[in-house]
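>>> predicted model and sequence below, questions to follow.
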Amino acid sequence: MISAESFIMAAKGHGFSLYTGVPCSYLKPFINYVIDAEDLEYVGATNEGDAIAIASGADMGGKRAVVMFQNSGFGNTVNPLTSLNMIFDIPVLVITTLRGEPGGPKDEPQHALMGEITTGLFDLMRIPWEYFPTEEKDVAPVLERAVKHMTEKKQPYGLVMKKDSISPHKLKTKAVPRDVRSAQLQADFSWPKEGRPSRTDVLKAVQSSLRPGDVVVATTGHTGRELYALEDKPNQLYMVGSMGCAGSFGLGLALAQPNRRVIVLDGDGAALMRLGALATIGFERPKNLLHILLDNELHESTGGQSTVSHSIDSALVAAASGYPKVLRVPTTDGVAALVAGETTELTFAHVKTRPGSPEDLPRPTVTPIQVKDRMIAWMKENA
């Protein structure tokens, strides 16, 4: 058994400063220590996959990140790990517990199968892993191996934590609730049925109105492809796969780059996949994040089937989730004015668009790794 402090301070020496994840009783001392530490940052995610995306955005922004969760939620991370981290070459340190360990302590029945296959999942995803250290002398070598792989291969590394690996640490910090100002937004707003702008026109308005230093994260599918087709720029990231992770990725990037505005271009289908992410973003409230939802009420990138966004009020959802500024923007001029202006607090903009994409929409010829690397270089040049 080791102390939480010994591992976390050693990790700090390697540059790890942001921790995110979903709790497990095995992780309790670890998470408590991070929350109490004034020089570390803990982001509590509502979903393990969101935590992977938050950490990935933070890493891209220059903050080394650790993701922590119970192995029962490991499945939620498979999509971003395989289609974001492994494709863009984004390294994060993944610590998962081993509930239901074969031959280990008696546990609840829901952990039995996952306990058997946890390490195999790392192998299947081609992510190297080892067991979390249980003796102080092993902490430094474990971290050195992890950091060496993450630095050289630019890929995730896994640590599997068994029960009673860390000695207890009592939480001293109390959570401070955020005020919710949803009452500011009228619920009886109705969108015009005719004259909605196209997604392309909205993206044009965004591109033409960017402020110096802005970076743009475009959700997977037609949004990223249309943005690329309009004009390929080094300050634009076109997400692939990692469905619903654009907002969480943007959150991590905004936290790591507090002096730079991060604009997330989300889609209704993608946002609905991970709606809980809005609550995490609304709690963290980075002042430099502008979250724009392009809502055509369709899964247009995957066949044009209807989403359920026509039956909900996405702006009210964002407001109720803690976004301090929420707007309904019905025109491209409104979008242009929003982007051209200053963003002084976390902002959510709901934009209804009409269905349809340009014919023969191209796919980016730049690879995801090239897109990531050039954005990192661009941010350094435009610090």
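Good, I have the coordinates. Residues are numbered from 1 along each chain as shown.
>>> what's the offset of stretch 115-127 from the middle of its chain?
22 Å (C-alpha atoms, centre = their mean, to the nearest Å).
>>> give me the contacts around that stretch.
71, 74, 78, 81-82, 86, 94, 96, 98-102, 104, 107, 128-129, 155-158, 160 (C-beta atoms under 8 Å, 6 or more residues apart in numbering). (Glycine included, C-beta is placed from N, CA and C.)
>>> where do the strands sit along the chain?
Applying DSSP state E to the chain gives strands spanning 16-21, 41-44, 64-69, 93-97, 129-131, 157-161, 215-218, 236-238, 262-267, 289-295, 298-299, 305-306, 325-328, 347-352.
>>> mean pLDDT added to these, as CSV?
What follows is those, written out as CSV (pLDDT from 0 to 100):
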stretch, mean pLDDT
strand 16-21, 98
strand 41-44, 96
strand 64-69, 98
strand 93-97, 98
strand 129-131, 98
strand 157-161, 98
strand 215-218, 98
strand 236-238, 98
strand 262-267, 97
strand 289-295, 97
strand 298-299, 86
strand 305-306, 88
strand 325-328, 94
strand 347-352, 96
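>>> can you give me the pLDDT of the nearest residue to residue 364 once chain neighbours are set aside?
In space, not counting the residues next to it along the chain, residue 364 is nearest to residue 228; the distance is 4.7 Å by C-beta to C-beta, 6 or more residues apart in numbering. Listed pLDDT for residue 228 reads 96.
>>> do the same with residue 186
65.
>>> about what we covered before: gap between the residue nearest to residue 364 and residue 253?
Distance of residue 228 to residue 253, computed by C-beta to C-beta, to the nearest Å: 19 Å.
>>> who's more crowded, those two?
Neighbour count, other C-beta atoms under 10 Å: between residue 228 and residue 253, residue 253 has more, with 30 against 21.
>>> roughly how far does the more buried one sit from residue 235?
Distance from residue 253 to residue 235, by C-beta to C-beta: 12 Å.
>>> same check on residue 279?
Taken as C-beta to C-beta, the span from residue 279 to residue 235 is 28 Å.
>>> buried among the contacts of stretch 115-127? Make that a ChimeraX selection.
Of the contacts of stretch 115-127, the buried ones go into a single ChimeraX selection, burial set by 16 or more other C-beta atoms under 10 Å:
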select :71,74,81,82,86,94,96,98,99,100,101,129,155,156,157,158,160
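>>> just the contacts of stretch 115-127: which are in helices?
Those of those mapping onto helices are 78, 86, per DSSP state H.
>>> residue 162: what's it in contact with?
Contacts of residue 162 by C-beta under 8 Å, 6+ apart are 26, 97-98, 101, 104, 131-132, 134.
>>> and those residues as JSON lines, adding distance to residue 34?
Compiled in JSON lines, the contacts of residue 162 are given as follows (distance: C-beta to C-beta, whole Å):
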{"residue": "26", "distance to residue 34": "15"}
{"residue": "97", "distance to residue 34": "15"}
{"residue": "98", "distance to residue 34": "20"}
{"residue": "101", "distance to residue 34": "24"}
{"residue": "104", "distance to residue 34": "25"}
{"residue": "131", "distance to residue 34": "21"}
{"residue": "132", "distance to residue 34": "15"}
{"residue": "134", "distance to residue 34": "19"}
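>>> what's the closest of these to residue 348?
For those, the residue nearest residue 348 by C-beta to C-beta is residue 97; the value is 33.8 Å.
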